[in-house]
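Peer 1: Here is my input; please provide its structure:
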Amino acid sequence: VQLQASGGGLVQPGGSLRLSCAASGSRFRINNMGWYRRAPEKQRELVATITSGGSTNYADSAKGRFTISRDNGKNSVWLQMNSLKPEDTAVYYCQCRSGYPVETAYWGQGTQVTVSS
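Peer 2: Residues are numbered from 1 along each chain as shown. Coordinates of the predicted model:
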């Protein structure tokens, strides 16, 4: 399974960005999809996930500012990020889970988000 992420960039504090990620090459249904991030000198952390049924889960830092969505038919997931803060600066990675009987996690290449004035 290959994941292609895009949409990162440089934005001023308070601005918005929309990250996109498309999965391809899976023989099985794509189950959960999500976004994670790794800030400089920090461990990778969960940002948001979404099930194939549309149930979402957000990190506390993302609640109220970020919205995750997906299109099952396109095996795609998006992350709309509003009211961005400097502490949101990180490399953002999309992830999907697929496979039967054993589910495997697949990762995209990462896209840089920099929030700075």
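Peer 1: Do you know the pLDDT at the residue positioned nearest the centre of the chain?
Peer 2: Most central in the chain under CA atoms, centre = their mean is residue 35, positioned 2.3 Å from the mean C-alpha point. Residue 35 is assigned a pLDDT of 98 by the prediction.
Peer 1: Do I have it right that it meets residue 92?
Peer 2: Yes. With contact defined as CB atoms under 8 Å, residue 35 reaches residue 92; the gap is 5.8 Å. Where you see a C-beta, it was placed from the backbone N, CA and C, and this is true even at glycine.
Peer 1: Residues that sit against both of the two, list them.
Peer 2: 19, 47, 79 (CB atoms under 8 Å, 6 or more residues apart in numbering).
Peer 1: what's the helix or strand for the second one?
Peer 2: According to DSSP states H and E, residue 47 maps onto strand 45-50.
Peer 1: ok, and the closest non-adjacent residue to residue 7?
Peer 2: residue 19 (4.1 Å; CB to CB, 6 or more residues apart in numbering).
Peer 1: Provide the backbone phi and psi angles at the one you found.
Peer 2: phi -90, psi 140 (degrees, to the nearest 10).
Peer 1: filter the shared contacts of residue 35 and residue 92 to the buried ones?
Peer 2: If you count burial by 16 or more other CB atoms under 10 Å, the buried members of the shared contacts of residue 35 and residue 92 come out as 19, 47, 79.
Peer 1: a markdown table please, covering the residues you listed and showing distance to residue 60 and pLDDT.
Peer 2: Below are these laid out as a markdown table (distance: CB to CB, whole Å; pLDDT from 0 to 100):
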| residue | distance to residue 60 | pLDDT |
| --- | --- | --- |
| 19 | 19 | 98 |
| 47 | 11 | 98 |
| 79 | 16 | 98 |
